[in-house]
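A.B. asks: fold the stuff below for me.
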Amino acid sequence: FFTNSLFMALSFAYFAKALSGSYMKSTITQLERRFDIPSYLIGVIDGSFEIGNLLVIAFVSYFGAKLHRPKMIALGCVLMSIGTFIIALPHFIIGRYEFETSVRWVVNSTLNPSPCPVSSPADVTQGCEGESNLSMWIYVLLGNVLRGIGETPVQPLGISYIDDFATEENAALYVGCVQTISVVGPVFGYLLGSLCAKIYVDIGFVSMESITITPADARWVGAWWLGYLIAGVITLLSAIPFWFLPRSLPRCPERCTPEQTSFIKDSPLLKDKYPAENKSSFIEMAKDFVPTLRTLLGHPIYLIYLCVTIIQLNSLIGMVTYKPKYIEQHFRQSASKANFLMGVINIPAVALGMFSGGLLMKRMKLNIMGAAKFAFGTSLIGYILSLFFFAMSCENAKVAGVTVSYNSLSHAGCNSDCFCSASDWDPICGDNGITYVSPCLAGCTSSTGSGKNTVFSNCSCVGVAGNFTASTGQCPHTDDCDRMFPYFLALSVITSFIISLGGTPGYMILIRCIKPQLKSLALGFHALATRTLAGIPAPIYFGAIIDTTCLKWGQKRCGGIGACRIYNTTAYRIAYLGLTLSLRTISFIICVPGFILLSRQLKKEERNGAHRPLANGGAELEVLRKEEFMISNSDQLQPTSDNSTDRETQL
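C.D. replies: Numbering: from 1, shown residues only. The predicted model follows:
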């Protein structure tokens, strides 16, 4: 009963932490727009989870096993829940979201102000003293750090707790099921992100009829806070069962059947199977730590494996973090659709690939060299297929004054009579298929209708005659881009599946290339290194490089650069895909000496293995010769009738 309860509770906790983690990834563009921050700051926020994890991982790893593990896990879940609620807190502190627009919702009135002011507009900094969202993203950062701290005890203490009180076969089954369930979490996380991105950020507080933008607009912000409240409640519920679990599972009484006893390691039938380890003082362990770590890092195959996985994870984490944003910006899809596709298509492909990779490794009975070749081969095939992403391009949106000059449109000076703000982003689509940054910059002098149905007329920049009209929002993307998007999705699923095939065999290399006594330290140091050198920096520098491709930055009310409104899609594609594939290229180059060293080590072990039986056989032969000599001596001293019996006894 207790084992099953623990399994269910741990599965729920894994699901909750995976859901909230993937939901954070899905809200990247929403947070950028809501807090008017660039992508590199979003990378800092995303990496803060790993920072929180690293702050307490040593404490949890050392003291966690000595304390009440279920309560430690429960406390971790509570901290994760509090951190998730803190992330949502800024929404309830700052005022309503106000986006740049010249369109107003006018009730019972057909008179709209002219989009083309004939005098200088009022100072935009008026009233900015009350602007409080300049640093509200700090709360998101701190909440994510707290999430990282709370997540730390869930995996090591939960897995070790199961492993201590279940047989090896059942423990492996439980751990496998828990890991599988944790893959389901990201699917629901991205689906939750898709649902919340469709809902306007201030839903329930403003009239939706007055909102003049759609989810496809670069200014749209979904109800990002709602998903964090839902994830926080789910995480809080996952803590409840752990408060009622015992410090150690009860032993099975003597009347239990062997089948019942087989589920618990500490049962009487298995009391000698797991002898107690020799206790050593903390000082002795500390003295052994540095030489052991030096031995581990002196292992060339482990060191190369560590470098390869760090570089590969930099590529993977950076790519996954900004993939929804890439789909939004490059193929001009809404954040809701991008998150939906990640949850329904990409994540299941990765999960299926990891499962299939482990199954293939078992069926093919791969040794360490076979696993290395398999992982390298799948990664190389995925790399080659990823090169085709460069060909799947969409042209830059035609935006007057940004991607298309007014001179090329033969409309130079068409808006010279208007006092327009160059910092506004209030796009409209002209009859000529060109997007204009604002109605003012399009030279429009009048408008009719209200809200999303506003139509601007007499737009001198749209047509030479000056009687052309424009509608709210950017012009739709070309048909070529629509036709290219399904091919992008198909290739994305195939590459994700193929690369994931090598995940399990690749991890087995780490386990098998190290001596058993160094295995725990090797796994721990690998986790520490990948979190520090991949989990934290990758989102930051990926975001910083993506920022360099921005064509039009939003402006904060009190001055300063806000979130990017439109990117150079060609530069974005080259920067995003180029950085991802460049890191993989470096990892492949490092793999070459790794294969050479691994091959040499295996040959050396084969030679030693061949010599060892010969040496053992020689020793056994020498023993038999000595016995034969003793028997022959005894034959001379004993009667003949006893010789045969004694000889049989000796042999």
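
A.B. asks: can you give me the helices in the stretch 401-550 of the chain?
C.D. replies: 479-501, 503-512, 519-530, 537-547 (DSSP state H, counting those that start in this stretch).

A.B. asks: nearest spatial neighbour of A371, skipping sequence neighbours?
C.D. replies: Nearest residue to A371, sequence neighbours excluded (CB to CB, 6 or more residues apart in numbering): P505, at 3.9 Å. (Glycine included, C-beta is placed from N, CA and C.)

A.B. asks: check contacts around the one you found.
C.D. replies: 357-358, 360-361, 366, 370-372, 374-375 (CB atoms under 8 Å, 6 or more residues apart in numbering).

A.B. asks: any idea how far stretch 370-381 is from the chain center?
C.D. replies: On the basis of CA atoms, centre = their mean, to the nearest Å, stretch 370-381 sits 22 Å off its chain's mean C-alpha point.

A.B. asks: where in the stretch 201-350 of the chain is pLDDT low?
C.D. replies: Judged by pLDDT under 70, the stretch 201-350 of the chain has its weakly predicted residues at 248-287.

A.B. asks: rerun at 90
C.D. replies: 203-219, 241-302, 305, 328-334, 344-348, 350 (pLDDT under 90).

A.B. asks: what do you get for the stretch 401-550 of the chain?
C.D. replies: Where the stretch 401-550 of the chain drops to pLDDT under 90, the residues are 401-426, 430-434, 438-484, 500-532.

A.B. asks: next one: N314 from A534, what distance?
C.D. replies: Note on N314: its distance to A534, by CB to CB, to the nearest Å, is 5 Å.

A.B. asks: for G52, that is, sorry about that
C.D. replies: For G52 relative to A534 (CB to CB), the value is 16 Å.

A.B. asks: what sits against I304?
C.D. replies: Counting by CB under 8 Å, 6+ apart, I304 touches 590-591, 593-594, 597.

A.B. asks: assumed it was part of a strand.
C.D. replies: No. Assignment of I304 by DSSP: H, G, I helix; E, B strand; the rest coil gives helix, placing it outside any strand.

A.B. asks: pick the most deeply packed of the helices of the stretch 401-550 of the chain.
C.D. replies: helix 537-547 (a mean of 22; mean count of other CB atoms under 10 Å).

A.B. asks: give me the contacts around that one.
C.D. replies: By CB under 8 Å, 6+ apart, helix 537-547 touches 38-44, 46-47, 313-315, 317-319, 321-322, 325, 564, 567, 572, 575-576, 579.

A.B. asks: make it 6 Å
C.D. replies: Applying CB atoms under 6 Å, 6 or more residues apart in numbering, the contact partners of helix 537-547 are 38-40, 42-44, 46-47, 314, 317-318, 321-322, 575.

A.B. asks: can you show me the helices along the stretch 1-150 of the chain?
C.D. replies: Taking DSSP H, counting those that start in this stretch, the helices of the stretch 1-150 of the chain run over residues 2-26, 28-35, 39-63, 69-88, 90-93, 137-151.

A.B. asks: dump those into JSON lines; add mean neighbour count and distance to I498 as well.
C.D. replies: Output for the helices of the stretch 1-150 of the chain, formatted as JSON lines (neighbours: other CB atoms under 10 Å; distance: least, CB to CB, whole Å):
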{"stretch": "helix 2-26", "mean neighbour count": "22", "distance to I498": "22"}
{"stretch": "helix 28-35", "mean neighbour count": "24", "distance to I498": "26"}
{"stretch": "helix 39-63", "mean neighbour count": "20", "distance to I498": "26"}
{"stretch": "helix 69-88", "mean neighbour count": "23", "distance to I498": "33"}
{"stretch": "helix 90-93", "mean neighbour count": "14", "distance to I498": "40"}
{"stretch": "helix 137-151", "mean neighbour count": "23", "distance to I498": "30"}
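
A.B. asks: and the ones you listed: which comes nearest A239?
C.D. replies: Among the helices of the stretch 1-150 of the chain, the nearest to A239 by CB to CB is helix 69-88 (3.4 Å).

A.B. asks: what's the mean pLDDT across that closest one?
C.D. replies: Averaging pLDDT along helix 69-88 gives 92.

A.B. asks: could you check the angle helix 2-26 makes with that helix?
C.D. replies: 20 degrees (axes from the mean of the first three to the mean of the last three CA atoms, to 10 degrees).

A.B. asks: between helix 69-88 and helix 28-35, how many degrees?
C.D. replies: If you take the same axes, to 10 degrees, helix 69-88 sits at 50 degrees to helix 28-35.

A.B. asks: just want the angle from helix 69-88 to helix 39-63.
C.D. replies: 160 degrees.

A.B. asks: now tell me what touches helix 69-88 from outside.
C.D. replies: 13, 20, 64, 139-140, 143, 146-147, 149-151, 153-154, 157-158, 161, 225, 228-229, 231-232, 235-236, 238-239, 242-243, 245.

A.B. asks: one step back: the contacts of P505: which two are farthest apart?
C.D. replies: Longest span within the contacts of P505, CB to CB: G358 and A372, 15.4 Å.

A.B. asks: what kind of secondary structure is K552 in?
C.D. replies: strand.

A.B. asks: residues contacting S238?
C.D. replies: Contacts for S238 (CB under 6 Å, 6+ apart) come out as 12-13, 16, 77.

A.B. asks: quick one: these as a markdown table, columns for distance to S386 too.
C.D. replies: Converted to a markdown table, the contacts of S238 look like this (distance: CB to CB, whole Å):
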| residue | distance to S386 |
| --- | --- |
| F12 | 36 |
| A13 | 34 |
| A16 | 32 |
| C77 | 37 |
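
A.B. asks: which of the residues you listed lies closest to E395?
C.D. replies: Among these, A16 lies closest to E395 (CB to CB), at 42.5 Å.

A.B. asks: how near is that closest one to V320?
C.D. replies: According to CB to CB, A16 and V320 sit 20 Å apart.

A.B. asks: re earlier: with neighbour numbers in mind, choose between G358 and A372.
C.D. replies: Taking neighbours as other CB atoms under 10 Å, G358 and A372 compare with A372 leading, 25 against 17.

A.B. asks: can you confirm that one is in a strand?
C.D. replies: No. Looking at A372 with three-state DSSP, it is helix, so not inside a strand.

A.B. asks: that one and F35, how far apart?
C.D. replies: Distance of A372 to F35, computed by CB to CB: 45 Å.

A.B. asks: I'd like to know which of the contacts of P505 are buried.
C.D. replies: With burial judged by 16 or more other CB atoms under 10 Å, the buried subset of the contacts of P505 is 357-358, 360-361, 366, 371-372, 374-375.

A.B. asks: still on that earlier bit, nearest to S421 among the contacts of S238?
C.D. replies: A16 (45.8 Å).

A.B. asks: ok, the closest one - contacts?
C.D. replies: 234-235, 238.

A.B. asks: now G535: how far from K603?
C.D. replies: G535 sits 36 Å away from K603, taking CB to CB as the criterion.

A.B. asks: neighbour count winner among these two?
C.D. replies: Using other CB under 10 Å as the criterion, G535 and K603 rank with G535 on top: 21 against 10.

A.B. asks: list the contacts of the closest residue to that one other than its chain neighbours.
C.D. replies: With CB to CB, 6+ apart as the measure, E50 is the residue that lies nearest to G535, at 3.9 Å, once sequence neighbours are left out. The contact partners of E50, taken as CB under 6 Å, 6+ apart, are 531, 535-536.
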